[in-house]
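Participant: Got a predicted structure plus its sequence, pasted below:
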Amino acid sequence: MRTGEPLPAVGEVLATLATGLWHWDTATGLVTVDAEAARLLGLPPEETVLTEAQTRARLHPVDWNEITGVIQLAVAEDTLAEVRVRIMDDQGQIVRVVRSRSKPSFDPATKVYELIGTIQEVTEPRPGTHAGRTAVTGDWRRSREAFLLDAGRALAEARSTAEVLRVAAGLSMPGFSPDGLAVFGVEGDRLTIIGHHGQQPGDESPFSHMALATDYPAAEVVRTGRAVYLSSPEDYKSRYPVTWPLARHFGRQSWAFLPLTVAGRTMGAWMAAFAYPVAFTPDERSVLTTVARMLAQALSRAGAAESERELTDGLQRSMLPTLGPRIPGMSVAARYVPTGGGLQVGGDWYDMIPLPNGRFALVIGDVQGHDVRAAGLMGQLRIALRAYASEGHRPDAVLSRASRFLHGMTYGDADTADLRFATCLYVEADPTTGILDVARAGHPDPAIRMADGTVLTRPTAGGLPLGIDPDADYPTTRITLESGETLLLCTDGLIETGGHDMETGWKRIRTILEDHGGDLEALADALVQAVHGPSSHHTTGPLADRREDDIAVLLLSRQGEAGGDTIVVRPRVRRTMLSVAQAEPERVAVARQQLRELLHDWPSPDQIDSAVLLLSEMLTNVLVHTDADALLLAEVRGEAGGRRMRVEVTDTSDDLPHKRRPGELASSGRGLVLIELLADAWGVDPRGEGKSIWFELYESTEEVSPDGDAPADGEP
């Protein structure tokens, strides 16, 4: 080529130099190669597009695994990625070795790599020589660092001994990968086989329970704490003639036995065996020693975690009760999930207690803390509650005695910095009538899933958590569990796990309860999975995603007419009942919220607002104009599209309300006027003791007549 003439095309120059071009985009998963690169890959010499799977099939599997590590390291260091790759034919034979250099780029937003590089054939030295053991990458140090980073991360993430062994078996060391591995442990004065790879099942038998005094490399490593490197069968035979016959039939050429040391104590040995001679250069020994240290740490962590899990599982099984015999007409399901915080057992518990009067009690609670002391207090408090309940005490008396018991245990200690309390919910249930007497000590309120799928929280009277005040009172609230309804009792772990507060957590639980149609056991599993399973990471709340609190769940279902455990969704009647005492005017707001939840699927927002307004007027009238307490009963009857809402407030006063004509500036006297204007039907019914005032609203697309009559398809 003469001076001044245009330069030839880049492709022509590369083809002249027997160098191919390739492009790899992980977003599409396609690899584009030119004619020369296709020839080097063993394909027809023409430009073609391959999938990642087709490309991987042409490369040695060990080299493919190392390519990904080199690419990540090159991106991190902003350098070229250089690798040496063995090309395989369809029979798995190596046809050539090529060197590839590329400049990778990475998009953090899409997690996509893109590489453009060259490929050129090189001469492959004979396996086993020093050149043959050169790293597959062009840079030994870079390849070693990438391997150790990947190995350290993989071993650190392994949570059990089996996982550690699988990771160790899958390690592909740069340039000298072993084809046989074994991990030895120590029991007393004998070796044990913790795990092995590359041998047939049963091959480990001669080495298992071998005395430490035996002339065997692994035994010497455990005795002395020093590594043993055997570069050839002759070296093995001369140093360990007694045990050489045991190793001879494996056909290996080199061995490395390294101590597994943690905190200065040798806990075992690791064997790496090679099918070809290895000289064990200082660099190679450095890699093997580092892997042995990481492997020892991983095995130590996994062993400690497995021992801890075994201990805490036994502690949990001994402390948590099993549900008693089947209850006629009712079904019970329970779950307990320890979620974190050190030992996998904490202060949450549940219990079901047969009572002397033929009823049974359901108890759920949470002792403050997540440690051994919380677990111990939980066990003692559960026994005390069971003892008080078995004596026949009512729910309020049971909690009062339990509070005094816990206060004496914690506040009587010399260590005042570790005072504890416990929340608790105690329910005495009558399986014949469905009546539930509830006493609550600082615990979340129960919830009820009605027969038509509507879910309502049931506000109950309560007192301080147990153990704070030895003289605390715990008033009792009575509710009725109707046929086909399900009662939910839970600890705050079910509500707040995953970054939720009480409000957002209840919304998530309500969705699960309303959408589920299986039996009680399946519902319990669905609740736990929704807040603690894999899918829960997609439904986190507005707060930090914390998963350190235990989860305890109790479900009680009153069977329908068909019986069985199936939760049957039947749109028949839904109702709620609530008492408002003279000394509790704040419960008027609770009543309004209860009514809104009862009417969650009512189609007319105006009618909901009217019902809430009229309810406030009726309850306030009782509290202001009488000395009696008010009892609210609200229910919805019928099928969707033609339902009837009835709200009734009862009190024990004999004074009947009168319709008045208040002046413009009057501050009261408009209650009955509003009821007459907004209700489809209303009335005042005298009772044997007291009275009941009620109103009805009808769900219909028809207009209500001016005289307040109900629609034609409704009941007057």
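Facilitator: Noted; the coordinates are in hand. Residues are numbered from 1 along each chain as shown.
Participant: Low-confidence stretches in the stretch 301-450 of the chain?
Facilitator: 311-322, 324, 339-346, 412-418 (pLDDT under 70).
Participant: Could I get the full set of strands for it?
Facilitator: Secondary structure of the stretch 301-450 of the chain by DSSP state E, counting those that start in this stretch: the strands cover 330-337, 348-354, 360-367, 422-429, 435-441, 447-449.
Participant: Can you name every helix or strand that the lengthiest strand in the chain contacts?
Facilitator: Longest strand in the chain, counting residues (DSSP state E): strand 94-107. If you count contacts as 3 or more C-beta pairs under 8 Å, 6 or more residues apart in numbering; DSSP states H and E, strand 94-107 packs onto helix 61-77, strand 81-88, strand 112-122. For glycine as for every other residue, the C-beta is placed from the backbone atoms N, C-alpha and C.
Participant: nearest to Trp244, of these?
Facilitator: Comparison of those against Trp244 by C-beta to C-beta identifies helix 61-77 as nearest, at 29.2 Å.
Participant: Give me the buried positions along the closest one.
Facilitator: Buried residues in helix 61-77, defined by neighbour count with 16 or more other C-beta atoms under 10 Å: 63-67, 69-75.
Participant: now for the lengthiest helix in the chain, which elements pack on it?
Facilitator: Determined from DSSP state H, the single longest helix within the chain is helix 282-319. Using 3+ C-beta pairs under 8 Å, 6+ apart as the contact test, the elements touching helix 282-319 are helix 140-157, helix 161-169, strand 254-262, strand 265-274, helix 372-390.
Participant: Would you format these as JSON lines with mean neighbour count and distance to Pro470 included?
Facilitator: Shown next, in JSON lines, are the helices and strands packed on helix 282-319 (neighbours: other C-beta atoms under 10 Å; distance: least, C-beta to C-beta, whole Å):
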{"stretch": "helix 140-157", "mean neighbour count": "18", "distance to Pro470": "49"}
{"stretch": "helix 161-169", "mean neighbour count": "19", "distance to Pro470": "49"}
{"stretch": "strand 254-262", "mean neighbour count": "23", "distance to Pro470": "49"}
{"stretch": "strand 265-274", "mean neighbour count": "22", "distance to Pro470": "50"}
{"stretch": "helix 372-390", "mean neighbour count": "19", "distance to Pro470": "14"}
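Participant: Lowest average pLDDT across those?
Facilitator: Lowest mean pLDDT of those: helix 140-157, a mean of 71.
Participant: one step back: now, among the buried residues of helix 61-77, which is nearest to Val649?
Facilitator: Using C-beta to C-beta, those come closest to Val649 at Gln72, 70.2 Å.
Participant: so what pLDDT did the closest one get?
Facilitator: pLDDT at Gln72 comes out at 78.
Participant: and it, how far is that from Asp549?
Facilitator: In this structure, Gln72 and Asp549 are 37 Å apart, going by C-beta to C-beta, to the nearest Å.
Participant: can you give me phi and psi for the spatially most central residue of the chain?
Facilitator: Central residue of the chain (C-alpha atoms, centre = their mean): His532, 3.1 Å from the mean position. Per-residue torsions, His532: phi -130, psi -10 (degrees, to the nearest 10).
Participant: Quick check: it touching Ile551?
Facilitator: Yes: His532 is within contact range of Ile551, at 6.2 Å (criterion: C-beta atoms under 8 Å).
Participant: Which residue ranges of the stretch 451-600 of the chain form strands?
Facilitator: Secondary structure of the stretch 451-600 of the chain (DSSP E, counting those that start in this stretch): strands located at 455-457, 462-463, 476-480, 486-490, 551-558, 573-580.
Participant: contacting residues for Arg596?
Facilitator: When contacts are counted by C-beta atoms under 8 Å, 6 or more residues apart in numbering, Arg596 touches 608, 612.
Participant: meant to ask about Leu554, not that
Facilitator: Contact analysis of Leu554 by C-beta under 8 Å, 6+ apart lists 332-334, 350, 362, 364, 488-490.
Participant: Tell me the one among these nearest to Gly498.
Facilitator: Minimum distance to Gly498 across these is 14.1 Å, recorded for Cys490 (C-beta to C-beta).
Participant: what pLDDT does the nearest residue to the closest one once chain neighbours are set aside get?
Facilitator: Closest residue to Cys490 apart from its sequence neighbours, by C-beta to C-beta, 6 or more residues apart in numbering: Val553 at 4.9 Å. Note on Val553: pLDDT of 92.
Participant: Repeat that for the one 5 residues further on.
Facilitator: Per-residue confidence for Arg558 comes out at a pLDDT of 89.
Participant: same thing with Leu295?
Facilitator: Per-residue pLDDT puts Leu295 at 89.
Participant: how much space between it and Val228?
Facilitator: 16 Å.
Participant: Val122 too?
Facilitator: Per C-beta to C-beta, Val122 is found 35 Å from Val228.
Participant: Could you check which of these two is surrounded by more residues?
Facilitator: Set Val122 next to Val228 and count neighbours by other C-beta atoms under 10 Å: Val228 wins out with 20 against 12.
Participant: Hmm, Leu494 and the residue nearest to Cys490 touching each other?
Facilitator: Yes: look at Val553 against Leu494 with C-beta under 8 Å: they come within range, at 5.9 Å.
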